[in-house]
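>>> sequence plus predicted model, see below.
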Amino acid sequence: MPELPEVEVVRRGLGPFLTGTRVGNVRVLHERAVRRNGGDFSGELTGAEILHVSRRGKYLWLVTNNDMAVVIHLGMSGQLRIRTKHDAEAPEVARHPHLRLRFTLTDSREEATFLDFLDQRTFGGLHLSPLVRVQREKIPQSILHIARDPLDPYFSFEQFSQKLRAKRTEVKRALLDQSLISGVGNIYADEALWRSRLHGNFQAHQLSGVMVEELVNNVKEVMHEALEQGGTSFDSLYVNVNGESGYFSRNLNVYGRESEPCDRCGFSIERLKFMNRSSFYCPSCQSIEKVSA
DNA sequence: TTTTGGTCCTGGATGC
DNA sequence: TGCATCCAGGACCAAA
């Protein structure tokens, strides 16, 4: 499932192909892919030039020359794939059951390139949003509520710590709250909590400043490691723009490892139902009894 | 205002 | 073999 490292891998992959191209045509094959878009998605985009590709948390956006952004969220199973004309016309690609949207991109130097949006579970989608200036940068209006992610150079630890410690909720739920800190999903939340020896159900307002600092450092660390290995792939649902999988799943300490021994203490890893999803943790290392320092 | 829990959605895996 | 059910989870929304 694409979380921050996976989305960043996609962003890096898209840049060289998309920068400087123009949108020639947009074919929407599944209306749900553009459900968040109010107006005519294809019409408003045709002819626009793509200037660069940006990201905040799990959101990607293509900045166009008319001060608009094509905001993309991959959801659980979204993929962006770059296709050459030859690839795009192959029957297994053109009639792929999960192909939801296709951009035809033109370039003054070469023949058309295609950008395909595939999404098995249709939780992902694209929409247009005007860019608005906030302090040092321009971001899409529709994602103003999304907090800076921990890899953002302007991420403020003090601000995050203050907000987190004011929350009367569990620390894992707070980590998944994109308006508090963005980019953290179920996998990296579990991994960072394990590294911090924190139980996901520990109350956020009981965390000390030192505990928050350690947690943030572990979130950053696990994300950097995942990024270096091209992200986490369990199956074919996450691939980069060339269709290649990442390798970080081999380095996971708790996520998806129910009943296996903890790498730190050997205790059996348990799975807990939390917020309609699974939480993996070591009941020995990550005791709920932990007392705030 | 903040917190909590339900819903959306698809297809692979599993059980009968 | 065929059918039913479970499961995965990010974002959003309504209820408390």
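Yep, it's here.
>>> if we ignore the residues flanking it in sequence, what's nearest A:E191?
Spatial nearest neighbour of A:E191, chain neighbours left out: A:V222 (4.7 Å); criterion: CB to CB, 6 or more residues apart in numbering. C-beta: built from backbone N, CA, C; applies to glycine.
>>> ok so the one you found is a helix residue?
Yes. Remark: A:V222 belongs to a helix, assigned using DSSP: H, G, I helix; E, B strand; the rest coil.
>>> contacting residues for it?
Counting by CB atoms under 8 Å, 6 or more residues apart in numbering, A:V222 touches A:188, A:191-192, A:195.
>>> what about the residue in chain A positioned nearest to DNA strand C, how many neighbours?
The nearest approach of chain A to DNA strand C comes at A:G185, 3.1 Å away (CB to the nearest atom of the strand). Counted with other CB atoms under 10 Å, residues neighbouring A:G185 total 22.
>>> cool, and the one 10 residues further on?
For A:R195, the number of neighbouring residues by other CB under 10 Å comes to 20.
>>> look up phi and psi at it.
phi -60, psi -30 (degrees, to the nearest 10).
>>> in this structure it contacts A:Y255, no?
No. Here A:R195 does not reach A:Y255: they are 11.8 Å apart, not a contact under CB atoms under 8 Å.
>>> what score does the residue in the stretch 151-293 of chain A that DNA strand B sits nearest to have for pLDDT?
Closest to DNA strand B within the stretch 151-293 of chain A is A:T169: 3.2 Å, counting by CB to the nearest atom of the strand. At A:T169, the model reports a pLDDT of 90.
>>> from A:V212, how far out is it?
Per CB to CB, to the nearest Å, A:T169 is found 14 Å from A:V212.
>>> DNA strand B next: which of the contacts of A:V222 are close?
Contacts with DNA strand B within those, counted by CB under 7 Å from any atom of the strand: none were found.
>>> which members of those residues are positioned in helices?
If you go by DSSP state H, the contacts of A:V222 have A:188, A:191-192, A:195 in helices.
>>> show me where the stretch 151-293 of chain A has its strands.
A:270-274, A:277-281 (DSSP state E, counting those that start in this stretch).
>>> re the thing from before, from A:V28, how far out is the residue nearest to the residue of chain A closest to DNA strand C when sequence neighbours are not counted?
Closest residue to A:G185 apart from its sequence neighbours, by CB to CB, 6+ apart: A:E3 at 3.8 Å. According to CB to CB, A:E3 stands 26 Å off from A:V28.
>>> look at those two and report which has more neighbours.
The neighbour comparison of A:E3 against A:V28 (other CB under 10 Å) goes to A:E3, with 23 against 16.
>>> so how far is A:W61 from A:L18?
With CB to CB as the criterion, A:L18 and A:W61 are 11 Å apart.
>>> now do the shared contacts for the two.
Shared contacts of A:L18 and A:W61, counting by CB under 8 Å, 6+ apart, come down to A:V53.
>>> what about these two, which has more around it?
Between A:L18 and A:W61, A:W61 has the larger neighbour count (other CB under 10 Å), namely 26 against 23.
>>> my guess is the more buried one meets A:V53, correct?
Yes. Look at A:W61 against A:V53 with CB under 8 Å: they come within range, at 7.4 Å.
>>> distance from the chain centre to stretch A:122-140, please.
14 Å (CA atoms, centre = their mean, to the nearest Å).
>>> show the average pLDDT along that stretch.
The model assigns stretch A:122-140 a mean pLDDT of 89.
>>> give me the buried positions along that stretch.
A:122, A:124-129, A:131, A:139-140 (16 or more other CB atoms under 10 Å).
>>> fine, thanks again, bye for now.
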